[in-house]
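Enquirer: okay, here's the prediction I keep looking at, along with the sequence it came from:
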Amino acid sequence: MIVRNVNDVIGTEHEVRTDNWVSRRVLLKKDGMGFSFHETVIFPGTETYIHYANHLEAVWCVEGDGEIETTADGKRYALGPGVVYALDQHDAHYLRGGAAPLRVICVFNPPLRGDEVHDADGIYPASIDTAEA
């Protein structure tokens, strides 16, 4: 059994911070669950382009407000407590922070290693261990 507290991730190499968000990666690829599990806070007034070409992601919004806009069709969806969205088609999108910090719980498949940040195309790199290569 794995038992962790998100507070124990704060200030470690598994808390990844950018100008737009901070992500606390609680369960990672090395844990062998087949997915990774994160708490992420999107900072107010920010916009991040994301395109997870190598991952599927499900997101549960638990606090704050924001918006997601899919680039393929320009549809916009309000985000707030109780909203869940799933990027089941590797959907390219803009994630925007609203007036209050948007706290979300995220699940990635395949799981992240824990140190990833978006590249210039909004993508997390595919995770390949030397044992998998």
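Expert: Perfect, I can see it now.

Enquirer: centroid residue for this structure?
Expert: residue 106 (5.4 Å; C-alpha atoms, centre = their mean).

Enquirer: surely it is within a helix?
Expert: No. Counting by DSSP: H, G, I helix; E, B strand; the rest coil, residue 106 is not found in a helix; it is strand.

Enquirer: would you agree it is in contact with residue 35?
Expert: No. Residue 106 lies out of contact with residue 35 (C-beta atoms under 8 Å); the separation is 9.9 Å. Where C-beta positions appear, they are placed from N, C-alpha and C, glycine not excepted.

Enquirer: what about the chain, any weak spots by pLDDT?
Expert: Counting by pLDDT under 70, the chain has low-confidence residues at 114-133.

Enquirer: residue contacts, the residue lying closest to residue 107 once chain neighbours are set aside?
Expert: The shortest distance from residue 107 to any non-neighbouring residue, by C-beta to C-beta, 6 or more residues apart in numbering, is to residue 58 (4.8 Å). Shown in contact with residue 58 (C-beta atoms under 8 Å, 6 or more residues apart in numbering): 84, 85, 86, 87, 106, 107.

Enquirer: which strand residues bridge residue 58?
Expert: residue 86, residue 107 (DSSP bridges).

Enquirer: circling back: which residues touch the residue nearest to the centre of the chain?
Expert: 23, 37, 38, 39, 40, 57, 58, 59, 60.

Enquirer: quick one: contacts for the second one?
Expert: Residues in contact with residue 37, defined by C-beta under 8 Å, 6+ apart, are 25, 26, 27, 105, 106, 107.

Enquirer: one more time with 6 Å, if that's ok
Expert: Residue 37 makes contacts with 26, 27, 107, as judged by C-beta atoms under 6 Å, 6 or more residues apart in numbering.

Enquirer: distance check, it against residue 106.
Expert: As judged by C-beta to C-beta, to the nearest Å, residue 37 and residue 106 stand 7 Å apart.

Enquirer: quickly list what residue 68 is bridged to.
Expert: Those that pair with residue 68 in a beta bridge, by DSSP bridges, are residue 77, residue 95.

Enquirer: where's it relative to residue 2, distance?
Expert: For residue 68 relative to residue 2 (C-beta to C-beta), the value is 30 Å.
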